[in-house]
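What shape does this take:
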Amino acid sequence: MRNQAYIIQFEHLGIHDVPVVGGKNASLGEMIAHLAPLGVRVPGGFATTAQAFRDFLQHNALEKRIDVALRPLDVSDVDRLSAVGSQIRQWIMEAPLQPALEQAIRDAWQTMAAQIPGELSVAVRSSATAEDLPDASFAGQQETYLNVSGIENVLAKVRAVFASLYNDRAIAYRVHHGFEHAQVALSAGVQRMVRSDLAASGVMFTLDTESGFPDVVFITASYGLGEMVVQGAVNPDEFYVHKPMLAANKFALIRRTLGSKAKRMVYGKDGAETHIEAVPDAQRQRFSLSDNDVLELARMALAIERHYARPMDIEWAKDGQDGQLYIVQARPETVKARGTQGVLRQYHLKQHAPVLISGRAIGQRIGSGPVRVILHAAEMNQVQSGDVLVTDMTDPDWEPVMKRAAAIVTNRGGRTCHAAIIARELGIPAVVGCGDATEKLKDGQPVTVSCAEGDTGFVYTGLLDTEIRDVNLEQMPKPPVKIMMNVGNPERAFDFASLPNDGVGLARLEFIINRMIGIHPKAVLEYPNLPEALKRSVEEISAGYADPVSFYVDRLAEGAATIAAAFWPKPVIVRLSDFKSNEYANLTGGERYEPKEENPMLGFRGAARYVAESFRDCFALECRAMKKVREEMGLSNVELMIPFVRTVEEGKAVIDLLGRQGLRRGEQGLRVIMMCELPSNVLLAEAFLQHFDGFSIGSNDLTQLTLGLDRDSGLVAAAFDERNAAVKILLRQAIAACRKAGKYVGICGQGPSDHPDLAQWLVAEGIESISLNPDTVVETWLRLAQGV
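Here you go, the predicted model:
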């Protein structure tokens with residue numbers, strides 16, 4: 001056979017060549033040919049063909065031997081699978097390449113080496129002919145070899161790539177998905193190395209991998225060669241970029257999470273191709289990518305997604321020598337793309353228990369069972385059906401036993417590692433990157449693994465009851481009022497956005513300050529002039545950002561922007577901070593700045609804080625963050641809400657203060673809503689509405705202040721009821737005042753979520769919107785739409 005039939009340069013390949021060179025190599029050629037003009041850089045190289053692989057098997061009389069070995073194999077017998085796979089790989093490694101293929105590779109190598117100054121180093125990658133199809137994921141099943149130099153080493157790695165078609169995980173995957181072994185061939189891609197050992201690399205998806213939310217690019221990054229991220233050996237940095245704002249040329253980086261990045265893979269020494277080393281602490285405390293790099297990667301991802309017209313899973317690398325970003329692989333995303341359209345499945349814990357450990361949540365499901373701690377791959381056959389598999393890290397070699405598990409928990413790994421990909425593929429909840437799960441969880445211990453509570457996954461003690469609910473979103477009737485949501489946790493925003501909604505009626509900054517920041521604003525403003533212990537704490541918490549003030553402002557902006565992006569372009573009403581003094585005191589440094597109050601519920605909170613000389617500089621940080629979200633990030637759907645305004649004069653002072661901070665009512669469509677939660681707000685509604693664009697009724701505080709009870713006190717809790725006649729009189733008056741003034745009126749208190757009859761009464765009174773807790777949205781929506 002002619003040499004040309006065995007080797008094809010990447011630039012001569014296209015996506016139609018999947019049967020010839022496999023999905024991975026065909027995609028590389030497709031991108032080189034069509035996306036280079038759009039700024040998508042792909043390192044060059046060449047691919048061996050599927051025919052070359054088949055002729056190799058035939059040349060060494062391996063086809064029948066392999067078929068005889070595989071045909072009777074039961075892949076659920078892990079020990080037998082391992083023995084058969086090992087035997088087949090040994091046959092291939094001991095077999096010589098046919099002379100025509102060897103010569104073709106030598107010729108292609110010579111051509112490639114002549115084009116590159118200095119010593120040529122390549123990655124030798126596998127590409128299966130059934131790989132990277134829109135409905136199947138072969139990610140990581142065959143081998144990749146990095147920093148390969150010298151033609152003899154390349155020839156050896158090509159043979160090793162051929163052998164990897166018969167890895168245990170690859171054999172099992174083909175059986176489980178109905179692929180005939182003999183119908184799948186392998187192509188070896190020989191691609192110029194990107195010197196990411198001197199910079200960073202990672203994986204990105206053109207959707208959120210957990211919720212399937214389509215309007216973001218999700219990027220992971222860590223130092224060194226990309227295998228550490230792919231294998232789940234490190235906890236990487238994570239970034240979210242909002243596609244609509246990226247297209248509008250705004251600063252679209254809406255969220256950053258600093259990973260630990262403890263280790264990195266770099267070029268080896270003394271003949272070794274690679275080795276793993278510790279990352280210096282100073283680098284670990286920084287993001288591995290600049291904001292500009294993140295946005296450039298997102299633009300590449302969008303170009304790739306548009307070209308293929310489907311969500312994509314992309315591997316990238318930054319070259320530490322030329323400073324450029326490169327795409328080294330791109331394949332269709334297969335898990336969320338295969339999801340049931342129009343049906344939302346929700347998992348809820350019906351009870352809670354002590355948390356044993358937490359990590360990154362994979363899969364939005366809940367699983368429970370006895371713990372099975374596996375410290376070495378040789379022990380994985382101990383995993384029984386229904387066990388919770390606990391190990392240091394998994395890779396796709398574990399796929400045959402992962403299918404048995406009710407849930408998976410690992411010490412290491414991020415949301416784009418192989419273990420996470422396979423867990424999603426199998427529909428199994430996984431909590432990865434826990435740190436010390438194999439030490440804290442004991443063999444046989446009954447646990448519940450919940451990935452249904454946001455980005456953080458929790459392992460609870462005991463077997464907890466779980467509720468599963470399917471919602472048919474395509475058959476939702478139109479309700480008689482706008483149904484909005486109360487959203488505090490940005491980690492749940494993408495998930496909540498899939499519910500039917502008219503936007504967010506209450507986004508609380510307190511959750512963001514408490515969970516995403518954790519430092520009292522005065523402490524960041526006074527840094528570095530702080531006591532040494534507090535100074536160190538502030539530095540540790542704010543690592544990765546320019547300084548503590550930037551950390552506070554940017555994290556606040558990122559939290560609000562994540563919610564705004566999830567619901568874009570629907571309105572998102574962000575309530576500025578309403579911590580009480582005792583709650584602020586719980587933040588790092590808080591006790592240093594907060595007064596001791598007998599009744600914080602009625603004390604130094606809300607608007608009174610904003611206008612106080614002692615807090616104005618803190619309020620200015622919130623204003624900077626909201627201005628950044630609306631103007632730099634372009635999320636003009638964010639509206640502002642002012643809580644606990646006692647007097648008209650106080651309300652006017654806050655509006656003036658906002659204006660001086662560059663947040664003026666009416667400019668760029670900004671609306672400023674006032675929380676109507678004190679009887680004085682209702683009694684003087686006409687005067688308050690002269691300074692605000694409407695009311696959002698806070699029924700919690702309005703009820704307690706009308707009835708004169710402390711809603712936090714169990715002694716009088718039974719008397720707390722938003723349906724009390726006195727409260728309803730005030731609700732009616734507030735709604736009427738807003739309608740008379742032609743201004744917005746909604747309600748965001750707990751009442752309509754707890755009491756369907758109150759929701760119906762509010763509709764009858766003419767309320768414009770009802771903002772509900774997410775878990776009551778569907779039920780209340782249907783009840784109101786049906787008039788029940």
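
tell me the pLDDT at residue 132?
Looking at residue 132, its pLDDT reads 47.

To clarify, my last question referred to residue 139.
Predicted confidence (pLDDT) for residue 139: 52.

Burial check on residue 278, number of neighbours?
Residues near residue 278, counting by other Cβ atoms under 10 Å, number 9. C-beta: built from backbone N, CA, C; applies to glycine.

Am I right that residue 507 is in contact with residue 571?
No: taking contacts as Cβ atoms under 8 Å, residue 507 lies outside contact range of residue 571: 10.3 Å.

More neighbours: the two, which one.
Using other Cβ under 10 Å as the criterion, residue 507 and residue 571 rank with residue 507 on top: 30 against 23.

how close does the more buried one get to residue 583?
Using Cβ to Cβ, to the nearest Å, one gets 17 Å for the distance from residue 507 to residue 583.

Could you pull up the residues touching residue 267?
Residue 267 makes contact with 121, 147, 197, 273, 274, 275, according to Cβ atoms under 8 Å, 6 or more residues apart in numbering.

Let's see that with 7 Å instead.
Residue 267 is in contact with 147, 197, 274, counting by Cβ atoms under 7 Å, 6 or more residues apart in numbering.

Among those residues, which one is most surrounded by other residues?
Among the contacts of residue 267, the one with the most neighbours (other Cβ under 10 Å) is residue 197, at 25 neighbours.

Next, the contact list for the closest residue to it other than its chain neighbours, please.
Distances taken as Cβ to Cβ, 6 or more residues apart in numbering put residue 266 closest to residue 197, at 4.1 Å, once the chain neighbours are dropped. Contacts of residue 266 were listed using Cβ under 7 Å, 6+ apart, and they are 197, 224, 225, 274, 275, 277.

nearest to residue 342, of those residues?
Proximity of the contacts of residue 266 to residue 342 (Cβ to Cβ) peaks at residue 225, which lies at 41.2 Å.

in what helix or strand does that closest one lie?
Assigned by DSSP states H and E, residue 225 falls within no helix or strand.

what does the one 3 residues further on give?
Here residue 228 is covered by helix 227-231, with elements defined by DSSP H and E.

can you give me the mean pLDDT across that helix?
86.

returning to what we had before: quick check: the residue nearest to residue 197 is in a strand.
Yes: under DSSP: H, G, I helix; E, B strand; the rest coil, residue 266 falls within a strand.

ok, it to residue 114 distance?
27 Å.

Surely residue 165 and residue 186 touch.
Yes: in this structure, residue 165 is within contact of residue 186 by Cβ atoms under 7 Å, at 4.5 Å.

any shared contact partners between the two?
128, 142.

Could you pull up the mean pLDDT of stretch 505-514?
Average pLDDT, stretch 505-514: 93.

And that stretch, what's buried?
Using 16 or more other Cβ atoms under 10 Å as the test for burial, stretch 505-514 gives 505, 506, 507, 508, 509, 510, 511, 512, 513, 514.

Which of those residues fall in helices?
Counting by DSSP state H, these place 509, 510, 511 in helices.

Do a quick rundown of the strands in the stretch 301-450 of the chain.
312-318, 325-332, 343-349, 355-362, 366-373, 388-391, 407-410, 430-432, 446-450 (DSSP state E, counting those that start in this stretch).

Run the angle between the fourth one and strand 366-373 for me.
What it means is strand 355-362. Relative orientation of strand 355-362 and strand 366-373, computed by axes from the mean of the first three to the mean of the last three Cα atoms, to 10 degrees: 110 degrees.

before we move on, what about the first one?
Between the axes of strand 312-318 and strand 366-373, defined by the same axes, to 10 degrees, the angle is 50 degrees.

now strand 312-318, how far from the centre of its chain.
16 Å (Cα atoms, centre = their mean, to the nearest Å).

who touches that strand?
The contact list for strand 312-318, computed with Cβ under 7 Å, 6+ apart, reads 139, 194, 196, 199-206, 226, 293, 297, 301, 304-305, 325-333.

Pull out the buried positions in stretch 624-637.
Going by 16+ other Cβ under 10 Å, stretch 624-637 has these buried residues: 624-631, 633-637.

Turn the residues you listed into CSV, including secondary structure and distance to residue 545.
Formatted as CSV, the buried residues of stretch 624-637 follow (DSSP: H, G, I helix; E, B strand; the rest coil; distance: Cβ to Cβ, whole Å):
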residue, secondary structure, distance to residue 545
624, helix, 14
625, helix, 13
626, helix, 18
627, helix, 18
628, helix, 13
629, helix, 17
630, helix, 21
631, helix, 20
633, coil, 16
634, coil, 21
635, coil, 20
636, coil, 25
637, coil, 26
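
show me where pLDDT drops low in the chain?
1-4, 131-141, 271, 336-341, 395-397, 418, 712, 788 (pLDDT under 70).

Scan it for its longest helix.
The chain, longest helix under DSSP H: helix 548-567.

Next SSE downstream of that one?
Next element after helix 548-567 (DSSP H and E): strand 572-575.

what lines up beside that next one in the sheet?
Sheet pairing of strand 572-575 (DSSP bridges) gives strand 504-508 (parallel), strand 638-642 (parallel).

need the strands for the stretch 101-250 of the chain, in chain order.
Using DSSP E, counting those that start in this stretch, strands in the stretch 101-250 of the chain cover 122-128, 144-148, 186-192, 200-205, 216-223, 237-242.

how about these in TSV, adding distance to residue 693?
Shown next, in TSV, are the strands of the stretch 101-250 of the chain (distance: least, Cβ to Cβ, whole Å):
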stretch	distance to residue 693
strand 122-128	57
strand 144-148	57
strand 186-192	57
strand 200-205	38
strand 216-223	29
strand 237-242	25
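
Perfect, that will be all.
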